[in-house]
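Engineer: Got a sequence here, can you build the structure:
(one chain, ligands or ions: 1)
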Amino acid sequence: MTLEEKIDKNRLPKHLAVIMDGNGRWAKKKGLFRSKGHENGSKAVREIVEACAKLPVPYLTLYAFSTENWNRPKLEVETLMKLLVSSLKKEIDTLLDNDIRLNAIGSLDSLPKKAHSELMYVMERTKDNSQMTLTLALSYGSREEITKTIKEISLKVKNNLISPSDIDETMINNHLYTRDLPDVDLLIRTSGEHRISNFLLWQIAYAELYFTETLWPDFRKEHLFEAILNYQNRERRFGKTSEQLYP
Ligand code: FPP
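Structural biologist: Residues are numbered from 1 along each chain as shown. Got it, this is the predicted structure:
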């Protein structure tokens, strides 16, 4: 039985989020420039997107560029943005063929013009696709997202559109970039780091966390299947006892 066959298709995570880490270390280990690490990282993105669409995992969210990543050397930021543009151009047909909708979260206005317009173009072209929603977190930071949400809600209170007692979790959810996405079920981080790094802090409240030593450019669909099998062997109690869940 292959790893894929062992997966229970009735208990797939609905929303999988991935912190793709380790591109730089992968390149360094091979004596290559960091850009080669990112280039090979984008090949891993392609394989994982296709595998998720096939399973299917209906929502896949990838941490492609954080608000903190703007502090990297200018050349590396430019390389990542170029890679984003070329991947979008190259993969639009794959998205259309696999019925995948492209979505993006983050402070997208901070992206360079070319990256922004290519992103908007691909999102518009794929907006009616329904097999899977692929969300790229770009110039994304969870604290920025929560701060923006608080500002928007406060303004509504100030303008007497709502009162403080109207504020509940649903209202907060509806102001986040992820308002159209379900909560994260499984979060994977590659490269042996055990951190969340300002990613989807609100949305991972009940997510299962999975850490692997594998560096992102080496991450293949078999690694994904292992993570999903591991997830399926866990008991998700959402604060309840085992006995309440299985009387
Ligand atoms: C982390 O590796 C990865 C990133 C900062 C960017 C992720 C980008 C890609 C996988 C490539 C392109 C993506 C798309 C969607 C086209 P790191 O550089 O932090 O690695 P290190 O921690 O080993 O230095």
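
Engineer: Up against the ligand, what does this structure have?
Structural biologist: Residues of the chain lying close to the ligand by C-beta under 6 Å from any ligand atom are 20-25, 38, 41-42, 45, 62, 64, 69, 83-84, 87, 136, 216. Bear in mind the C-beta positions are built from the backbone N, C-alpha and C, glycine included.

Engineer: neighbours of the closest residue to Ser35 other than its chain neighbours, just the number please.
Structural biologist: Excluding its sequence neighbours, the residue lying closest to Ser35 (C-beta to C-beta, 6 or more residues apart in numbering) is Thr79, at 4.6 Å. Thr79 has 18 neighbours, counted by other C-beta atoms under 10 Å.

Engineer: And the pLDDT at Thr79?
Structural biologist: If you check Thr79, the pLDDT there is 95.

Engineer: got the contact list for it?
Structural biologist: The contact partners of Thr79, taken as C-beta atoms under 8 Å, 6 or more residues apart in numbering, are Arg34, Ser35, His38.

Engineer: what comes up buried for stretch 122-132?
Structural biologist: Neighbour-count burial for stretch 122-132, with 16 or more other C-beta atoms under 10 Å as criterion, is recorded at Val122, Met123, Thr126, Asn129, Met132.

Engineer: ok so Glu118 is a helix residue?
Structural biologist: Yes. Using DSSP: H, G, I helix; E, B strand; the rest coil, the secondary structure at Glu118 is a helix.

Engineer: The closest residue to the ligand within the chain: helix or strand, and which one exactly?
Structural biologist: Distances from the chain to the ligand, computed as C-beta to the nearest ligand atom, single out Gly24 as the nearest residue at 2.4 Å. In the assignment (DSSP states H and E), Gly24 maps to helix 23-29.

Engineer: Summarise which helices and strands that helix is packed against.
Structural biologist: Packing partners of helix 23-29 (3 or more C-beta pairs under 8 Å, 6 or more residues apart in numbering; DSSP states H and E): helix 34-54.

Engineer: hang on, Glu144 packs against Thr67?
Structural biologist: Yes. Checked against C-beta atoms under 8 Å, the pair Glu144 and Thr67 is within contact range at 5.5 Å.

Engineer: Can you tell me the closest non-neighbouring residue to the residue of the chain closest to the ligand?
Structural biologist: Leaving aside its chain neighbours, Gly24 sits nearest to Arg34 (4.7 Å; criterion: C-beta to C-beta, 6+ apart).
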